Each structure stands twice: as C-alpha cells, then as structure tokens.
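>>> no sequence on hand, only this structure:
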C-alpha cells in the first residue's frame, strides 16, 4: 500500500467516524427531566428529593444510582424507582418507569427513551395525535348522539305528559258539560212543571 492509498483510507475512516458521531443523538445531562423540574437540577449541588443525600451536577444521569428515589438518574435506567419524562412533541407527554429507558422497546412515541442507538424508533407522535384526534371526534360524535337521543326522549316524555294533561282536561270538560247539561235539563223540566 502506498502513501496515497493510506491517506485516502485515513480520510474515509475519519469521515465515517465524524458522520457516526454527528448522527448519534446528543445526550443532555438534563435528559428525561420534566420541564417544571429543570430549575431544580440547575445548581451545582443537587439534593435528592427524599432529602437524604446530595450529589454534584456531574453525577446527574451518569448511570449510577446515588439517590434511593432516583432523583439523580431521570434519563437512565440505573435507579429502579426513577421516572423518565417523554416530551412526545406533537402528542401528550408521559412519565415512564426508568427501567424502560434503553430497553430496546420504543415506549415514547418520539423515541426519546431509546437514545443509546441500540434501536431506532421513528417519531410516531403525530400519528398518535391524529389517532387521538380521531378518537376525540368519534367520542364527541357518540356523545352528541347520546345527547340527541336523550333530548328526543325528554321531548317524547314531555309530549306524553302533555297528552295526559290534555286527556285530563278533556275529561274534565266532558264532565263539566254533562253536569251543565244535566242542570239545564232539570231546570227546563222544572219550568215545564210550573207552567202546566
């Protein structure tokens, strides 16, 4: 092998290495942390949430469980009681048990729980959002249907109630007419007796 081939091989190898390093996802020490907890992790010395220990910022997400409650490992599976926050942009965020991080199963719809490169998870958050929207539309349609049926039933019940009232009024009017007719008949009959 002459020098030009070695240089070419060296350049190819360096280029591939740069591409691989550039393509691998960046791992932030704040990975897996809920947005409302980011301020909690900003200081150089961080207390475990259970208050028993504290640790330096460089031990955050280092793969070793320093806090019993998992405060120091939100982005790794080192602590059994830890929680990993999936941002799931385009869908609903969620909390996972940290044991599901880098387990080669895509638990977050954005694939953020599988950052070690062992598996490539497609971002399915928008699909999940579409499914959620479809489910919401279907649920809304079903509830609208139920409300319509309920309103129809209420209208039918109102109509039946009004018919019963009308029936009662009709019978009262008939009874009143019969009484009035009977009184009129008696009156006419008694007049006839007087005039005879």
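Here it is on my side, so go on. Just so we're clear, the structure is a prediction, and the values are computed from it rather than from any experiment.

>>> where do the strands of this structure begin and end?
Remark: strands assigned in the chain by DSSP state E are 45-47, 54-56, 83-86, 94-97.

>>> for the chain, which residue occupies the most central location?
The C-alpha lying nearest the average C-alpha coordinate of the chain belongs to residue 92 (C-alpha atoms, centre = their mean; 6.1 Å).

>>> ok so, going back, just the strands of the chain: most buried one?
Comparing the strands of the chain by mean neighbour count (mean count of other C-beta atoms under 10 Å), strand 83-86 ranks first with a mean of 22. For glycine as for every other residue, the C-beta is placed from the backbone atoms N, C-alpha and C.

>>> can you list the strands of the chain in JSON lines and add distance to residue 119 and mean pLDDT?
JSON lines is the format used below for those (distance: least, C-beta to C-beta, whole Å; pLDDT from 0 to 100):
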{"stretch": "strand 45-47", "distance to residue 119": "30", "mean pLDDT": "92"}
{"stretch": "strand 54-56", "distance to residue 119": "30", "mean pLDDT": "92"}
{"stretch": "strand 83-86", "distance to residue 119": "15", "mean pLDDT": "92"}
{"stretch": "strand 94-97", "distance to residue 119": "15", "mean pLDDT": "91"}
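
>>> for residue 167, which of those is the nearest?
Nearest of the strands of the chain to residue 167, taken as C-beta to C-beta: strand 94-97 at 59.9 Å.

>>> chain center to that closest one, what's the gap?
In terms of C-alpha atoms, centre = their mean, to the nearest Å, the centre of strand 94-97 is set 13 Å apart from its chain centre.

>>> which elements pack onto it?
Here strand 94-97 touches strand 83-86, going by 3 or more C-beta pairs under 8 Å, 6 or more residues apart in numbering; DSSP states H and E.

>>> who's in contact with the strand it packs on?
Strand 83-86 has contacts (C-beta atoms under 8 Å, 6 or more residues apart in numbering) with 32-35, 70, 74-75, 93-98, 100-101, 107-110, 112-113.
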